[in-house]
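*Asks:* Next input, structure requested:
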Amino acid sequence: MNIWRNLANALVVPEIRNRILFVFGAFAMFVVMVYVQVPYVNIKAWQNILAGGQFLNFLGFLSGGALQRFSVIAMGITPYINASIIMQLLTVVYPNIKEMMQHGGEQGRRTVGLYTRWLTVALAIIQATTMVVALSRAHVFERTDLFYLVMVVLTLTAGTVWLMWLGEQMTDKGIGNGVSLIIFVGIILRYPVYFSQTLQLGEKGGLNVFSFVIFLLIAIISLISIIFMYQGTRRVPVQYAKRVIGRKVYGGRSTYIPLRLNNAGVISIIFAISILLFPQQISSWAQQSGAQWLHGFSQFMALYFNYNSLLYNFVYFVLVIGFTFFYSEVVVNIMDIGDSLKKQGGFIPGIRPGKPTTDYLQKILHRITAVAAVYLGLLAVLPNITQSMTHITTFYLGSTSLLIVVGVALDTMTQIEARLAMRDYRGFIKQ
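*Replies:* Model (predicted):
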(Lines give C-alpha, C1' and ligand atoms only; values in the text may rest on other atoms or scores of the structure.)
Protein backbone atom coordinates (compact mmCIF):
# COMPACT_ATOMS: atom_id res chain seq x y z
CA MET A 1 0.00 0.00 0.00
CA ASN A 2 2.89 2.38 0.73
CA ILE A 3 4.12 2.00 -2.84
CA TRP A 4 0.81 3.12 -4.35
CA ARG A 5 0.48 5.93 -1.81
CA ASN A 6 3.98 7.19 -2.66
CA LEU A 7 3.22 7.03 -6.39
CA ALA A 8 0.00 9.01 -5.88
CA ASN A 9 1.85 11.60 -3.79
CA ALA A 10 4.63 11.82 -6.41
CA LEU A 11 2.14 12.56 -9.19
CA VAL A 12 0.71 15.45 -7.16
CA VAL A 13 4.11 17.19 -6.85
CA PRO A 14 4.82 19.08 -10.14
CA GLU A 15 8.60 18.58 -10.05
CA ILE A 16 8.45 14.82 -9.48
CA ARG A 17 5.51 14.44 -11.89
CA ASN A 18 7.50 16.13 -14.68
CA ARG A 19 10.43 13.82 -14.04
CA ILE A 20 8.19 10.75 -14.23
CA LEU A 21 6.60 12.00 -17.45
CA PHE A 22 10.06 12.61 -18.92
CA VAL A 23 10.99 9.00 -18.19
CA PHE A 24 7.87 7.71 -19.94
CA GLY A 25 8.56 10.03 -22.87
CA ALA A 26 12.05 8.53 -23.15
CA PHE A 27 10.47 5.06 -23.06
CA ALA A 28 8.27 6.06 -26.01
CA MET A 29 11.32 7.25 -27.98
CA PHE A 30 13.04 3.93 -27.24
CA VAL A 31 10.04 1.95 -28.53
CA VAL A 32 9.92 4.02 -31.73
CA MET A 33 13.61 3.37 -32.40
CA VAL A 34 13.08 -0.37 -31.95
CA TYR A 35 10.99 -0.35 -35.14
CA VAL A 36 13.42 1.76 -37.24
CA GLN A 37 15.14 -0.96 -39.26
CA VAL A 38 18.49 -0.93 -41.02
CA PRO A 39 17.81 -0.99 -44.80
CA TYR A 40 18.69 -3.85 -47.18
CA VAL A 41 18.51 -6.59 -44.53
CA ASN A 42 17.09 -10.01 -45.36
CA ILE A 43 14.96 -10.46 -42.23
CA LYS A 44 14.11 -14.09 -43.03
CA ALA A 45 17.79 -15.05 -43.24
CA TRP A 46 18.49 -13.04 -40.09
CA GLN A 47 15.72 -14.86 -38.19
CA ASN A 48 17.18 -18.22 -39.22
CA ILE A 49 20.56 -17.22 -37.79
CA LEU A 50 18.94 -16.03 -34.55
CA ALA A 51 17.11 -19.34 -34.20
CA GLY A 52 20.41 -21.22 -33.97
CA GLY A 53 22.57 -18.60 -32.27
CA GLN A 54 22.08 -18.31 -28.51
CA PHE A 55 25.00 -15.88 -28.24
CA LEU A 56 23.23 -13.32 -30.43
CA ASN A 57 20.00 -13.83 -28.49
CA PHE A 58 21.91 -13.06 -25.28
CA LEU A 59 23.24 -9.83 -26.79
CA GLY A 60 19.72 -8.79 -27.74
CA PHE A 61 17.64 -9.88 -24.77
CA LEU A 62 18.01 -6.36 -23.31
CA SER A 63 17.08 -4.59 -26.54
CA GLY A 64 13.31 -5.07 -26.42
CA GLY A 65 13.21 -6.92 -29.75
CA ALA A 66 15.48 -4.44 -31.56
CA LEU A 67 18.01 -7.16 -32.41
CA GLN A 68 15.30 -9.45 -33.78
CA ARG A 69 14.16 -6.65 -36.12
CA PHE A 70 17.76 -5.54 -36.79
CA SER A 71 16.90 -1.95 -35.99
CA VAL A 72 19.35 0.92 -35.63
CA ILE A 73 19.62 0.15 -31.90
CA ALA A 74 20.07 -3.60 -32.46
CA MET A 75 23.16 -3.77 -30.23
CA GLY A 76 21.29 -2.13 -27.37
CA ILE A 77 23.12 -0.68 -24.41
CA THR A 78 25.36 -3.76 -23.99
CA PRO A 79 28.64 -1.98 -25.02
CA TYR A 80 28.04 0.65 -22.34
CA ILE A 81 27.42 -2.06 -19.73
CA ASN A 82 30.64 -3.81 -20.74
CA ALA A 83 32.55 -0.51 -20.62
CA SER A 84 31.23 0.24 -17.13
CA ILE A 85 32.21 -3.23 -15.91
CA ILE A 86 35.69 -2.87 -17.41
CA MET A 87 36.15 0.51 -15.70
CA GLN A 88 35.15 -1.04 -12.36
CA LEU A 89 37.58 -3.91 -12.85
CA LEU A 90 40.35 -1.46 -13.79
CA THR A 91 40.06 0.11 -10.34
CA VAL A 92 41.70 -3.06 -9.00
CA VAL A 93 44.62 -2.85 -11.45
CA TYR A 94 45.05 0.94 -11.51
CA PRO A 95 44.56 2.58 -8.08
CA ASN A 96 44.62 6.04 -9.72
CA ILE A 97 41.24 5.36 -11.32
CA LYS A 98 39.83 4.23 -7.98
CA GLU A 99 41.21 7.35 -6.29
CA MET A 100 39.66 9.51 -9.00
CA MET A 101 36.25 7.84 -8.60
CA GLN A 102 36.15 7.96 -4.79
CA HIS A 103 38.05 11.11 -3.87
CA GLY A 104 38.19 13.14 -7.07
CA GLY A 105 34.90 14.91 -6.47
CA GLU A 106 32.64 15.99 -9.32
CA GLN A 107 35.57 16.57 -11.67
CA GLY A 108 36.92 13.06 -11.04
CA ARG A 109 33.52 11.47 -11.72
CA ARG A 110 33.20 13.44 -14.94
CA THR A 111 36.63 12.28 -16.08
CA VAL A 112 35.80 8.63 -15.37
CA GLY A 113 32.46 9.11 -17.14
CA LEU A 114 34.27 10.51 -20.18
CA TYR A 115 36.61 7.49 -20.24
CA THR A 116 33.59 5.18 -20.02
CA ARG A 117 31.88 6.91 -22.96
CA TRP A 118 34.94 6.65 -25.21
CA LEU A 119 35.41 3.02 -24.22
CA THR A 120 31.74 2.44 -25.08
CA VAL A 121 32.28 3.88 -28.56
CA ALA A 122 35.34 1.67 -29.09
CA LEU A 123 33.54 -1.48 -27.94
CA ALA A 124 30.48 -0.61 -30.04
CA ILE A 125 32.63 -0.21 -33.18
CA ILE A 126 34.36 -3.55 -32.53
CA GLN A 127 31.08 -5.35 -31.87
CA ALA A 128 29.32 -3.77 -34.86
CA THR A 129 32.24 -4.56 -37.20
CA THR A 130 32.32 -8.18 -36.03
CA MET A 131 28.58 -8.55 -36.54
CA VAL A 132 28.57 -6.93 -39.98
CA VAL A 133 31.50 -8.98 -41.30
CA ALA A 134 29.98 -12.24 -40.04
CA LEU A 135 26.50 -11.45 -41.35
CA SER A 136 27.77 -10.33 -44.74
CA ARG A 137 29.36 -13.77 -45.15
CA ALA A 138 26.06 -15.39 -44.12
CA HIS A 139 24.24 -13.44 -46.90
CA VAL A 140 22.01 -11.52 -44.48
CA PHE A 141 22.58 -8.21 -46.30
CA GLU A 142 21.15 -7.62 -49.75
CA ARG A 143 24.06 -5.29 -50.45
CA THR A 144 27.69 -6.19 -49.77
CA ASP A 145 29.59 -3.18 -51.10
CA LEU A 146 32.07 -1.50 -48.75
CA PHE A 147 30.09 1.76 -48.51
CA TYR A 148 26.98 -0.05 -47.29
CA LEU A 149 28.86 -2.21 -44.76
CA VAL A 150 30.63 0.84 -43.29
CA MET A 151 27.26 2.61 -43.12
CA VAL A 152 25.76 -0.29 -41.13
CA VAL A 153 28.71 -0.29 -38.70
CA LEU A 154 28.36 3.46 -38.12
CA THR A 155 24.56 3.16 -37.80
CA LEU A 156 24.73 0.43 -35.15
CA THR A 157 27.43 2.35 -33.27
CA ALA A 158 25.40 5.55 -33.42
CA GLY A 159 22.36 3.65 -32.09
CA THR A 160 24.31 2.53 -29.03
CA VAL A 161 25.71 6.04 -28.47
CA TRP A 162 22.18 7.46 -28.75
CA LEU A 163 20.95 5.01 -26.11
CA MET A 164 23.86 6.02 -23.86
CA TRP A 165 22.92 9.70 -24.30
CA LEU A 166 19.24 8.94 -23.66
CA GLY A 167 20.16 7.11 -20.46
CA GLU A 168 22.19 10.05 -19.21
CA GLN A 169 19.31 12.43 -19.97
CA MET A 170 16.93 10.17 -18.03
CA THR A 171 19.33 10.19 -15.07
CA ASP A 172 19.60 14.01 -15.08
CA LYS A 173 15.99 14.96 -15.90
CA GLY A 174 14.08 11.88 -14.78
CA ILE A 175 14.06 9.57 -11.76
CA GLY A 176 16.40 6.64 -11.31
CA ASN A 177 19.41 5.44 -13.25
CA GLY A 178 18.74 6.04 -16.94
CA VAL A 179 20.77 3.12 -18.30
CA SER A 180 19.10 0.73 -15.86
CA LEU A 181 15.70 2.03 -16.90
CA ILE A 182 16.52 1.43 -20.59
CA ILE A 183 17.46 -2.15 -19.77
CA PHE A 184 14.27 -2.42 -17.70
CA VAL A 185 11.96 -1.31 -20.52
CA GLY A 186 13.86 -3.50 -23.01
CA ILE A 187 13.07 -6.56 -20.90
CA ILE A 188 9.46 -5.52 -20.24
CA LEU A 189 8.81 -5.15 -23.98
CA ARG A 190 9.50 -8.88 -24.43
CA TYR A 191 6.87 -9.98 -21.90
CA PRO A 192 3.80 -9.26 -24.11
CA VAL A 193 5.32 -11.56 -26.73
CA TYR A 194 5.80 -14.27 -24.11
CA PHE A 195 2.20 -13.85 -22.88
CA SER A 196 0.73 -14.04 -26.39
CA GLN A 197 2.77 -17.14 -27.25
CA THR A 198 1.67 -18.83 -24.02
CA LEU A 199 -2.00 -17.97 -24.69
CA GLN A 200 -1.74 -19.34 -28.21
CA LEU A 201 -0.25 -22.54 -26.81
CA GLY A 202 -3.15 -22.81 -24.35
CA GLU A 203 -5.74 -22.26 -27.10
CA LYS A 204 -4.21 -25.09 -29.10
CA GLY A 205 -4.44 -27.42 -26.11
CA GLY A 206 -0.71 -27.70 -25.64
CA LEU A 207 -0.69 -26.21 -22.12
CA ASN A 208 -1.17 -28.39 -19.04
CA VAL A 209 -3.11 -26.61 -16.28
CA PHE A 210 -1.13 -28.30 -13.47
CA SER A 211 2.17 -27.36 -15.12
CA PHE A 212 0.98 -23.77 -15.56
CA VAL A 213 0.07 -23.53 -11.85
CA ILE A 214 3.52 -24.83 -10.88
CA PHE A 215 5.08 -22.29 -13.25
CA LEU A 216 3.15 -19.44 -11.61
CA LEU A 217 4.13 -20.59 -8.11
CA ILE A 218 7.81 -20.74 -9.10
CA ALA A 219 7.58 -17.26 -10.63
CA ILE A 220 5.92 -15.76 -7.52
CA ILE A 221 8.40 -17.42 -5.12
CA SER A 222 11.30 -16.22 -7.29
CA LEU A 223 10.05 -12.62 -7.25
CA ILE A 224 9.56 -12.61 -3.47
CA SER A 225 12.99 -14.14 -2.84
CA ILE A 226 14.67 -11.62 -5.18
CA ILE A 227 13.06 -8.74 -3.26
CA PHE A 228 14.35 -10.12 0.04
CA MET A 229 17.80 -10.67 -1.50
CA TYR A 230 18.02 -7.09 -2.81
CA GLN A 231 16.86 -5.49 0.42
CA GLY A 232 18.72 -7.84 2.78
CA THR A 233 21.66 -6.34 4.70
CA ARG A 234 23.90 -7.48 7.52
CA ARG A 235 24.13 -4.65 10.04
CA VAL A 236 27.48 -4.59 11.85
CA PRO A 237 27.20 -2.44 15.04
CA VAL A 238 29.70 0.42 15.39
CA GLN A 239 30.39 2.58 18.43
CA TYR A 240 32.12 5.97 18.24
CA ALA A 241 34.19 7.07 21.24
CA LYS A 242 33.53 10.41 22.91
CA ARG A 243 35.96 13.21 22.10
CA VAL A 244 36.20 16.53 23.96
CA ILE A 245 37.20 19.45 21.74
CA GLY A 246 37.19 22.71 23.66
CA ARG A 247 33.94 22.87 25.58
CA LYS A 248 32.05 20.52 23.25
CA VAL A 249 31.76 16.73 23.36
CA TYR A 250 31.69 14.89 20.04
CA GLY A 251 30.94 11.26 19.26
CA GLY A 252 29.63 8.73 21.71
CA ARG A 253 26.93 7.59 19.29
CA SER A 254 26.05 4.11 18.08
CA THR A 255 25.41 3.22 14.45
CA TYR A 256 26.01 0.30 12.10
CA ILE A 257 27.72 -0.66 8.84
CA PRO A 258 25.17 -2.03 6.34
CA LEU A 259 26.78 -4.84 4.33
CA ARG A 260 24.48 -5.78 1.47
CA LEU A 261 23.63 -9.45 1.06
CA ASN A 262 23.86 -9.31 -2.74
CA ASN A 263 26.80 -7.10 -3.70
CA ALA A 264 27.34 -8.69 -7.11
CA GLY A 265 23.81 -8.00 -8.33
CA VAL A 266 23.23 -9.51 -11.76
CA ILE A 267 26.84 -9.13 -12.96
CA SER A 268 27.93 -12.61 -11.85
CA ILE A 269 25.14 -14.25 -13.86
CA ILE A 270 25.94 -12.15 -16.94
CA PHE A 271 29.62 -13.12 -16.75
CA ALA A 272 28.75 -16.81 -16.38
CA ILE A 273 26.31 -16.73 -19.32
CA SER A 274 28.88 -14.97 -21.50
CA ILE A 275 31.46 -17.70 -20.87
CA LEU A 276 28.98 -20.55 -21.35
CA LEU A 277 27.60 -19.15 -24.61
CA PHE A 278 30.98 -19.08 -26.35
CA PRO A 279 31.25 -22.88 -26.75
CA GLN A 280 27.57 -22.97 -27.71
CA GLN A 281 28.15 -20.42 -30.47
CA ILE A 282 31.32 -22.21 -31.66
CA SER A 283 29.30 -25.42 -31.89
CA SER A 284 26.64 -23.61 -33.95
CA TRP A 285 29.29 -22.22 -36.32
CA ALA A 286 30.85 -25.69 -36.60
CA GLN A 287 27.52 -27.17 -37.69
CA GLN A 288 27.02 -24.45 -40.31
CA SER A 289 30.59 -24.77 -41.67
CA GLY A 290 30.31 -28.53 -42.20
CA ALA A 291 33.93 -29.14 -41.16
CA GLN A 292 34.52 -32.79 -40.32
CA TRP A 293 37.11 -32.12 -37.60
CA LEU A 294 34.56 -30.03 -35.69
CA HIS A 295 31.79 -32.59 -36.04
CA GLY A 296 32.84 -34.45 -32.86
CA PHE A 297 32.84 -31.24 -30.82
CA SER A 298 29.36 -30.30 -32.08
CA GLN A 299 28.07 -33.78 -31.28
CA PHE A 300 29.48 -33.62 -27.74
CA MET A 301 27.92 -30.20 -27.16
CA ALA A 302 24.54 -31.38 -28.44
CA LEU A 303 24.51 -34.50 -26.25
CA TYR A 304 26.21 -33.49 -23.00
CA PHE A 305 26.34 -29.68 -22.87
CA ASN A 306 22.86 -28.59 -23.93
CA TYR A 307 20.74 -26.31 -21.76
CA ASN A 308 18.89 -29.16 -20.06
CA SER A 309 21.96 -31.31 -19.38
CA LEU A 310 23.32 -31.89 -15.89
CA LEU A 311 26.87 -30.90 -16.91
CA TYR A 312 25.77 -27.54 -18.33
CA ASN A 313 23.73 -26.58 -15.27
CA PHE A 314 26.47 -27.73 -12.88
CA VAL A 315 29.12 -25.63 -14.67
CA TYR A 316 26.69 -22.70 -14.79
CA PHE A 317 26.07 -23.01 -11.03
CA VAL A 318 29.80 -23.14 -10.20
CA LEU A 319 30.64 -20.17 -12.46
CA VAL A 320 27.96 -17.99 -10.88
CA ILE A 321 29.29 -18.78 -7.39
CA GLY A 322 32.87 -18.00 -8.44
CA PHE A 323 31.99 -14.70 -10.13
CA THR A 324 29.81 -13.65 -7.17
CA PHE A 325 32.77 -13.97 -4.80
CA PHE A 326 35.07 -12.22 -7.28
CA TYR A 327 32.79 -9.25 -7.94
CA SER A 328 31.90 -8.83 -4.25
CA GLU A 329 35.61 -8.48 -3.47
CA VAL A 330 35.88 -5.84 -6.20
CA VAL A 331 32.84 -3.81 -5.13
CA VAL A 332 33.26 -3.92 -1.33
CA ASN A 333 36.66 -2.71 -0.11
CA ILE A 334 36.93 -3.89 3.49
CA MET A 335 40.34 -2.20 3.93
CA ASP A 336 38.82 1.22 3.22
CA ILE A 337 35.98 0.59 5.68
CA GLY A 338 38.43 -0.45 8.40
CA ASP A 339 40.69 2.56 7.78
CA SER A 340 37.71 4.93 7.80
CA LEU A 341 36.51 3.57 11.15
CA LYS A 342 39.97 3.95 12.64
CA LYS A 343 40.35 7.56 11.46
CA GLN A 344 36.92 8.56 12.78
CA GLY A 345 37.43 6.92 16.16
CA GLY A 346 34.88 4.17 15.57
CA PHE A 347 35.13 0.57 16.66
CA ILE A 348 33.08 -2.61 16.61
CA PRO A 349 32.14 -3.66 20.17
CA GLY A 350 34.37 -6.53 21.28
CA ILE A 351 36.76 -6.15 18.31
CA ARG A 352 40.04 -4.24 18.50
CA PRO A 353 40.60 -1.49 15.88
CA GLY A 354 42.98 -2.06 12.97
CA LYS A 355 43.64 -5.47 11.47
CA PRO A 356 41.29 -7.41 13.82
CA THR A 357 38.41 -5.18 12.66
CA THR A 358 39.32 -5.71 9.00
CA ASP A 359 39.55 -9.49 9.50
CA TYR A 360 36.20 -9.54 11.31
CA LEU A 361 34.46 -7.58 8.52
CA GLN A 362 36.11 -9.77 5.88
CA LYS A 363 34.81 -12.88 7.64
CA ILE A 364 31.27 -11.48 7.71
CA LEU A 365 31.49 -10.49 4.05
CA HIS A 366 32.60 -14.01 3.06
CA ARG A 367 29.70 -15.56 4.96
CA ILE A 368 26.97 -13.39 3.48
CA THR A 369 28.56 -13.64 0.03
CA ALA A 370 28.46 -17.44 0.32
CA VAL A 371 24.70 -17.29 0.97
CA ALA A 372 24.17 -14.86 -1.93
CA ALA A 373 26.38 -16.92 -4.27
CA VAL A 374 24.48 -20.16 -3.63
CA TYR A 375 21.16 -18.32 -4.05
CA LEU A 376 22.24 -16.69 -7.32
CA GLY A 377 23.56 -20.03 -8.57
CA LEU A 378 20.22 -21.71 -7.88
CA LEU A 379 18.37 -18.77 -9.44
CA ALA A 380 20.55 -19.01 -12.55
CA VAL A 381 19.70 -22.66 -13.23
CA LEU A 382 16.05 -22.18 -12.22
CA PRO A 383 14.78 -21.36 -15.76
CA ASN A 384 16.20 -24.60 -17.17
CA ILE A 385 14.76 -26.62 -14.27
CA THR A 386 11.40 -24.88 -14.64
CA GLN A 387 11.20 -25.64 -18.34
CA SER A 388 12.09 -29.30 -17.72
CA MET A 389 9.39 -29.61 -15.03
CA THR A 390 6.55 -27.68 -16.68
CA HIS A 391 7.46 -28.05 -20.40
CA ILE A 392 6.48 -24.38 -20.87
CA THR A 393 8.98 -23.00 -23.36
CA THR A 394 6.97 -20.02 -24.65
CA PHE A 395 7.54 -17.93 -21.49
CA TYR A 396 11.19 -17.75 -20.52
CA LEU A 397 11.49 -17.05 -16.79
CA GLY A 398 14.98 -15.61 -17.06
CA SER A 399 16.89 -15.18 -13.80
CA THR A 400 18.86 -12.25 -15.22
CA SER A 401 15.77 -10.42 -16.41
CA LEU A 402 13.95 -10.99 -13.11
CA LEU A 403 16.90 -9.64 -11.12
CA ILE A 404 17.15 -6.55 -13.32
CA VAL A 405 13.41 -5.81 -13.37
CA VAL A 406 12.99 -6.18 -9.60
CA GLY A 407 16.22 -4.33 -8.79
CA VAL A 408 15.48 -1.36 -11.05
CA ALA A 409 11.88 -1.12 -9.80
CA LEU A 410 13.02 -1.11 -6.16
CA ASP A 411 15.78 1.44 -6.80
CA THR A 412 13.40 3.76 -8.67
CA MET A 413 10.78 3.60 -5.92
CA THR A 414 13.51 4.33 -3.35
CA GLN A 415 14.52 7.46 -5.26
CA ILE A 416 10.87 8.59 -5.51
CA GLU A 417 10.50 8.16 -1.75
CA ALA A 418 13.75 10.07 -1.17
CA ARG A 419 12.54 12.99 -3.30
CA LEU A 420 9.23 13.04 -1.46
CA ALA A 421 11.06 13.04 1.88
CA MET A 422 13.34 15.86 0.69
CA ARG A 423 10.30 17.91 -0.38
CA ASP A 424 8.66 17.45 3.04
CA TYR A 425 11.95 18.37 4.73
CA ARG A 426 12.27 21.58 2.67
CA GLY A 427 8.68 22.49 3.50
CA PHE A 428 9.38 22.00 7.20
CA ILE A 429 12.48 24.25 6.99
CA LYS A 430 10.52 27.03 5.24
CA GLN A 431 7.87 26.96 7.95
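
*Asks:* Show the pLDDT at Leu189.
*Replies:* In this model, Leu189 is scored at 81, pLDDT.

*Asks:* Contacts only, for it.
*Replies:* With contact set as C-beta atoms under 8 Å, 6 or more residues apart in numbering, Leu189 has these partners: Val31, Val34, Gly64, Gly65. C-beta here means a position set from N, CA and C on the backbone, and glycine is covered the same way.

*Asks:* wait, which of these is closest to Lys173?
*Replies:* Val31 (18.6 Å; C-beta to C-beta).

*Asks:* quick one: the closest one from Leu189, how far?
*Replies:* According to C-beta to C-beta, to the nearest Å, Val31 and Leu189 sit 7 Å apart.

*Asks:* Identify the contacts common to these two.
*Replies:* Both Val31 and Leu189 are contacted by Gly64, under the criterion C-beta under 8 Å, 6+ apart.

*Asks:* Among the contacts of Leu189, show me the least confident.
*Replies:* Scanning the contacts of Leu189 for pLDDT, the low point is Gly64. It has 73.

*Asks:* can you tell me which helix or strand Ser268 belongs to?
*Replies:* Applying DSSP states H and E as the criterion places Ser268 in helix 267-289.

*Asks:* quick one: the helices in the stretch 201-350 of the chain?
*Replies:* 209-231, 267-289, 295-304, 310-331, 334-343 (DSSP state H, counting those that start in this stretch).

*Asks:* Redo those helices as JSON lines? Include mean pLDDT, mean neighbour count and distance to Lys98.
*Replies:* Converted to JSON lines, the helices of the stretch 201-350 of the chain look like this (pLDDT from 0 to 100; neighbours: other C-beta atoms under 10 Å; distance: least, C-beta to C-beta, whole Å):
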{"stretch": "helix 209-231", "mean pLDDT": "82", "mean neighbour count": "14", "distance to Lys98": "25"}
{"stretch": "helix 267-289", "mean pLDDT": "68", "mean neighbour count": "18", "distance to Lys98": "18"}
{"stretch": "helix 295-304", "mean pLDDT": "69", "mean neighbour count": "13", "distance to Lys98": "40"}
{"stretch": "helix 310-331", "mean pLDDT": "85", "mean neighbour count": "18", "distance to Lys98": "10"}
{"stretch": "helix 334-343", "mean pLDDT": "80", "mean neighbour count": "15", "distance to Lys98": "9"}
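
*Asks:* after the helix or strand of the chain with the lowest mean pLDDT comes which helix or strand?
*Replies:* Counting by mean pLDDT, DSSP states H and E, the chain has its least confident helix or strand at helix 54-60, which shows a mean of 58. Going down the chain from helix 54-60, the next helix or strand is helix 66-69, by DSSP H and E.

*Asks:* could the helices of the stretch 201-350 of the chain go into JSON lines alongside distance to Val152?
*Replies:* Listed next are those as JSON lines, based on distance: least, C-beta to C-beta, whole Å:
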{"stretch": "helix 209-231", "distance to Val152": "38"}
{"stretch": "helix 267-289", "distance to Val152": "21"}
{"stretch": "helix 295-304", "distance to Val152": "30"}
{"stretch": "helix 310-331", "distance to Val152": "33"}
{"stretch": "helix 334-343", "distance to Val152": "45"}
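
*Asks:* For Val121, find the nearest of those.
*Replies:* Using C-beta to C-beta, the helices of the stretch 201-350 of the chain put helix 267-289 closest to Val121, at 20.7 Å.

*Asks:* In contact with the closest residue to Ser340 other than its chain neighbours, which residues?
*Replies:* Spatial nearest neighbour of Ser340, chain neighbours left out: Gly346 (8.0 Å); criterion: C-beta to C-beta, 6 or more residues apart in numbering. Neighbouring residues of Gly346 by C-beta under 8 Å, 6+ apart: Val238, Gln239, Tyr240, Ala241, Ser340.

*Asks:* again, only using 10 Å
*Replies:* By C-beta atoms under 10 Å, 6 or more residues apart in numbering, the contact set of Gly346 is 238-241, 251, 253-255, 257, 337-338, 340, 353, 357.

*Asks:* Got a ChimeraX select line for the buried ones in those?
*Replies:* The ChimeraX command for the buried members of the contacts of Gly346 (criterion: 16 or more other C-beta atoms under 10 Å) is given here:
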select :238,239,240,257,337,338,357
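
*Asks:* Could you point out the longest helix of the protein?
*Replies:* Determined from DSSP state H, the single longest helix within the chain is helix 355-390.

*Asks:* For Val41, name its beta-bridge partners.
*Replies:* Phe141 (DSSP bridges).

*Asks:* In this structure it contacts Gln68, no?
*Replies:* No - in this structure, Val41 is not within contact of Gln68 by C-beta atoms under 10 Å, at 11.6 Å.

*Asks:* Residues that sit against both of the two, list them.
*Replies:* By C-beta under 10 Å, 6+ apart, the residues touching both Val41 and Gln68 are Ala74.

*Asks:* okay, the contacts of Gly346 in CSV with distance to Ala10 next?
*Replies:* Formatted as CSV, these follow (distance: C-beta to C-beta, whole Å):
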residue, distance to Ala10
Val238, 34
Gln239, 38
Tyr240, 36
Ala241, 42
Gly251, 38
Arg253, 33
Ser254, 33
Thr255, 30
Ile257, 31
Ile337, 34
Gly338, 39
Ser340, 34
Pro353, 43
Thr357, 41
